[in-house]
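A.B. asks: got a structure for you, letters missing:
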Ligand code: MOS
């Protein structure tokens, strides 16, 4: 048995001893360094870049701008459609502050930075709008990527018949993925083959985008992402570091490395858009939901489409007679938003699960009981059966471990010295499933197996988990399995994203293993599997991971300071491949959720439109001292219809935590906080 066993990461010793190499670490001969120049205006055009002024600076090899850059294929995009954010240095327009407008290349990083800092740029500025507000005349319906706006039942009638109604708005700010490793790429030509080492969440999909963008045959591109220091969504796209490094190596004929500074990560990579969400809930006196309305607005860039899928939980968690959802996008002159740490579900959950807590308050009900009362038998919107659904087990076991039964549900009753103390809960789901992937396994002469899959390990332990998956599927020990991942030439594979990495890759590996098991002939022998045809079976059921998060918080009424001192998450994520890694993943997610609740907020200057706190001094992320005792565990869960019974663990840890914390703050203080983060000034008000 290889599954369900806690094993440390294969690359763990290499990581803690500095032995493994991230994208900016790989030694490359004759390497040149690129430094990105970003725009300081929020909209307009570049009037002049005075390259002559920096000619002759030490080590300078060249400056690439819109006048000299290679032409890219228009219309290339990502998962969300055509993405003009990829069209770097193609013309003089400036669509947002922080847009890369030139690349300065020099012999050393310091020389490149010095020349980039000295490069004179003149702009023609045009009026911009970077201020997020619901009342924007350009607001429009979001793309129907996650399905159209939803109208089930007679909302007005159900609200009118309800014994209790909640009608409130909830806001979340712009946030940055802020992975520990800044985006970095090193690119060079090996004959007519383009090689790159890049920080990304899926080398194959990135190679596909690069191939289209530069009009290069995919077979002539090799992208590796051996070790990646966190992604959180913003490394799911083909990043500016890679596009500019490829341009530079093509023009200069030598290897070029482009690394974003921390500041540039904030300026030029995908962010979570700010949101305003209006929730209306109506229920009978016994807590049965009659009506749920979730109307959400988020910001967008005209450069690229994207949709924040807020109503995901509103369509999944509870049965109600009427369910209405609507998503509106407001175009602003900012960097385009992109997936971040449980996109859609995470901000959506803050609104829904805060509103559920308010409903429990109005009904005088236990918030756990309110959720249990509304457990649906089939998908509330789809009408499809659930493949498996263990939310009740998460709520009940979590409540037991948290000693929820002893809670007095009235607020502002617990005091410890001058501190107010409260507890809160949130229920959570995150969509699960699989996307097409290929895998090859070679049975070697010496009795070992080489597993090849274009997966990526962005710090999750995917390499280690997939080794166990292969061993389990082959019926051998993990010591017999060697795994190769994170290389675009290993074949099509889904990225580490959408909480579908492990599931998608597991499927392909188990298929290849099944082919090998029947083989009795000569060795070595290679079996290759492609799951593209197998996934249709998933469409007949609703598929989600579930969790319940419990939080205990203290509030200092003198300062407004909130401290979370206990977090407990019970998760149903299918069969747990490696409890040690899975626990790390969901605990990391809960820390991300706590960080969202209390700290993270990207602020833009009203006049310039520029981010004002675009670094780790100004953009606060939970640090060790902010993190309490965290308990995370898994209820018994097995996903039917997916090989080995696995399901996504990636993002669900993030989803419910912010609402659980905000609900605990209400319980402590008796005052609702409907705007994140729960800053001291907001709590004091
Ligand atoms: Mo995740 S935000 O789907 O990369």
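C.D. replies: Now that the structure is in, tell me what you want to look at. Note that the structure is a prediction, hence the values are computed from the model and not measured.
A.B. asks: Only C-alpha atoms from now on, for both contacts and neighbour counts.
C.D. replies: Noted.
A.B. asks: Quick check: phi and psi at whichever residue of the stretch 1-150 of the chain sits closest to the ligand.
C.D. replies: The ligand sits closest to residue 79 of the stretch 1-150 of the chain, with a gap of 11.1 Å, by Cα to the nearest ligand atom. Dihedral pair for residue 79: phi -50, psi -30, per degrees, to the nearest 10.
A.B. asks: tell me the contacts of it?
C.D. replies: The contact partners of residue 79, by Cα atoms under 8 Å, 6 or more residues apart in numbering, come to none.
A.B. asks: before we move on, what about the one 3 residues further on?
C.D. replies: For residue 82, the contacting residues are 75-76, 304-305, taking Cα under 8 Å, 6+ apart as the criterion.
A.B. asks: wait, is it part of a strand?
C.D. replies: Yes: if the criterion is DSSP: H, G, I helix; E, B strand; the rest coil, then residue 82 is within a strand.
A.B. asks: where does the stretch 51-200 of the chain dip in pLDDT?
C.D. replies: The stretch 51-200 of the chain contains residues with pLDDT under 70 at 144-147.
A.B. asks: where along it do the strands fall?
C.D. replies: In the stretch 51-200 of the chain, the strands defined using DSSP state E, counting those that start in this stretch lie at 60-65, 77-78, 81-82, 93-94, 100-106, 121-125, 140-141, 150-152, 164-172, 175-176, 184-190, 193-198.
A.B. asks: how does the protein divide up, domain by domain?
C.D. replies: Using automatic domain parsing, the domains assigned to the chain come out as 32-127+180-230+235-268, 140-174+278-432+540-683, 435-534.
A.B. asks: Show me how far the lowest-mean-pLDDT helix or strand in the chain is from its chain's centre.
C.D. replies: Taking mean pLDDT, DSSP states H and E as the measure, strand 77-78 is the helix or strand of the chain with the lowest mean score, a mean of 85. Distance of strand 77-78 from its chain centroid, counting by Cα atoms, centre = their mean, to the nearest Å, is 17 Å.
A.B. asks: again, but for stretch 672-682
C.D. replies: Relative to its parent chain, stretch 672-682 has a centroid offset of 23 Å by Cα atoms, centre = their mean.
A.B. asks: next one: stretch 205-215
C.D. replies: Here stretch 205-215 is found 22 Å from its chain centre; the criterion is Cα atoms, centre = their mean.
A.B. asks: dump the residue contacts of residue 506.
C.D. replies: By Cα under 8 Å, 6+ apart, the contact list for residue 506 reads 466, 469-470, 643.
A.B. asks: Any idea which of those residues the model trusts least?
C.D. replies: Lowest pLDDT of those: residue 643, 94.
A.B. asks: burial of that residue, as a residue count?
C.D. replies: Neighbours of residue 643 under the rule other Cα atoms under 10 Å: 18.
A.B. asks: and if you look at residue 520?
C.D. replies: By the criterion of other Cα under 10 Å, residue 520 has 8 neighbours.
A.B. asks: Look up how far residue 443 lies from it.
C.D. replies: According to Cα to Cα, to the nearest Å, residue 520 stands 11 Å off from residue 443.
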